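Undergrad: Quick one: sequence plus predicted model below, questions after.
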Amino acid sequence: MDLELEKPWRDLKKYIEGRAKEARYEAELALRFLEAGLMRNAAGKAFQAFKALLGALAAKHREYLAQRYGSVKRLRNGKRVWYADWLIAAVPTSLLLELARDLSPLERPELMRYANIALNLHEFRYNGLDKSGVLSRYARISSVEEDVRALATYVEKRTSELT
């Protein structure tokens, strides 16, 4: 598989197509890992699938985000890009919930619900199960399976609507 993403500030349409394709591939891998019993890998892929979907949705609403985030971001190489374009390209995990919150009124309210599921799975990816609920929000593997399936299904549905 040869998948190279276009930069959003160069070709927004190609970027959306690339991120949607990436999201579908990651969702498919999440389900394959789930079937193979690789729960932490499945959780990580489901998270990556949602993150790619959010990047595509953010690109779809670039003008709105450009108004909301009007500043400029300096990249490591010294190049300056609009903050909204950097946000679309990077979809930083630390801002995932805020980005989903910004896009929810333009998309669908369930975007926030799935953003929270994605972050829960991301946490599980690193911490695993915790019956006490201190290190992970998951105490049962069946809950992880349910969330991976729900998130992968949502990503597949939304990406098919994008392209």
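TA: Yes, it's here.
Undergrad: And the contacts of stretch 24-34?
TA: Here stretch 24-34 makes contact (Cβ atoms under 8 Å, 6 or more residues apart in numbering) with 1, 3, 39, 41-43, 45-46, 48-49, 52, 145, 148-149, 151-153, 155-156, 159. Every C-beta, even on glycine, is put in place using the N, C-alpha and C of the backbone.
Undergrad: if you set the cut-off to 6 Å instead, what comes out?
TA: For stretch 24-34, contacts defined as Cβ atoms under 6 Å, 6 or more residues apart in numbering pick out 41-42, 45-46, 48-49, 52, 148, 152, 155-156, 159.
Undergrad: Which ChimeraX command selects the buried ones in those residues?
TA: Buried members of those, defined by 16 or more other Cβ atoms under 10 Å, are picked up in ChimeraX with:
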select :41,42,45,46,48,49,52,148,152,155,156,159
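Undergrad: For Arg19, see how far away Ala152 is.
TA: Distance, Ala152 to Arg19, using Cβ to Cβ, to the nearest Å: 16 Å.
Undergrad: oh, I was asking about Ala52
TA: Applying Cβ to Cβ to Ala52 and Arg19 gives a distance of 5 Å.
Undergrad: For the residue nearest the centre of the chain, identify the helix or strand it belongs to.
TA: Closest residue to the average C-alpha location of the chain: Lys51 at 1.2 Å, with Cα atoms, centre = their mean. With secondary structure defined by DSSP states H and E, Lys51 is part of helix 39-60.
Undergrad: can you state the direction angle for the biggest helix by length in the chain and helix 39-60?
TA: What stands out as the longest helix in the chain, according to DSSP state H, is helix 12-35. On the basis of axes from the mean of the first three to the mean of the last three Cα atoms, to 10 degrees, helix 12-35 is oriented at 160 degrees to helix 39-60.
Undergrad: Name the residues of helix 12-35 that come out as buried.
TA: Those would be 12, 15-27, 29-31, 33-34, for helix 12-35 by 16+ other Cβ under 10 Å.
Undergrad: cool, and stretch 120-129?
TA: 120-125, 129.
Undergrad: who's sitting farthest from the centroid in this protein?
TA: Ser132 (27.6 Å).
Undergrad: does that one count as helix, strand or coil?
TA: What DSSP: H, G, I helix; E, B strand; the rest coil gives for Ser132 is coil.
Undergrad: contacting residues around it?
TA: Going by Cβ under 6 Å, 6+ apart, the list of residues near Ser132 is empty.
Undergrad: Surely Ala56 is in contact with Ala20?
TA: Yes - between Ala56 and Ala20 there is a contact under Cβ atoms under 6 Å: 4.8 Å.
Undergrad: No more questions from me, cheers.
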